[in-house]
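Chemist: Sharing a sequence plus its predicted fold:
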Amino acid sequence: MTSETHSPQKKVRGVIGILFGVLLYYLWVAGIIAMLFTFFTEPSGMGVFTVKFPHAVQTWLVTGTLPFFIISGHYLFCRGTGENDLLYDLAGGAGALLGFLLWLTVLGVMEVLGVAVPYFTNLVGGFLLIAVLSVIFWRAWRPGA
């Protein structure tokens, strides 16, 4: 068997893993929304419920986990396909998780200090942190580093 016979199967497993990660992400979002409406809602005078939760933190809880879930899904389905893929998945997963938690901490501190974080700055800052940490982990963990 040559590497060409494994390549299409490897790509299909990768795509299935990514789709599985997206499914996990949607389950996460549904859980976050359920928790927000269960614990952080207040009825208004018109009978409409409003969520009393910091918007920047709420946005990051929903969107900031997307890279982690996609990378995790890919890792779960492609574990035995090669050392380089494993390295990329582990470095990306570690960078995504640590970047998510660090940026969530930054947003929490900014919320306590009363600093408003614009939507665009929130997402770009968090995803840039994730990308930088993923590259740092990849460079630190690659063979021969």
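Modeler: Alright, I've got the coordinates.
Chemist: What is the burial count for Trp138?
Modeler: Using other C-beta atoms under 10 Å, Trp138 has 17 other residues around it. C-beta coordinates here come from the backbone N, C-alpha and C atoms, glycine included.
Chemist: How about the contacts made by the nearest residue to it once chain neighbours are set aside?
Modeler: Leaving aside its chain neighbours, Trp138 sits nearest to Ala91 (3.8 Å; criterion: C-beta to C-beta, 6 or more residues apart in numbering). The contact partners of Ala91, taken as C-beta atoms under 8 Å, 6 or more residues apart in numbering, are Ser134, Phe137, Trp138, Trp141.
Chemist: Put the buried members of the residues you listed into a PyMOL selection.
Modeler: In PyMOL syntax, the buried subset of the contacts of Ala91 is picked out as below (16 or more other C-beta atoms under 10 Å):
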select buried, resi 134+137+138
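Chemist: got the contacts of Ala91 as TSV, with secondary structure and distance to Ala56 columns?
Modeler: Shown next, in TSV, are the contacts of Ala91 (DSSP: H, G, I helix; E, B strand; the rest coil; distance: C-beta to C-beta, whole Å):
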residue	secondary structure	distance to Ala56
Ser134	helix	22
Phe137	helix	26
Trp138	helix	28
Trp141	helix	31
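Chemist: State the pair within the contacts of Ala91 that is farthest apart.
Modeler: Ser134 and Trp141 (10.7 Å; C-beta to C-beta).
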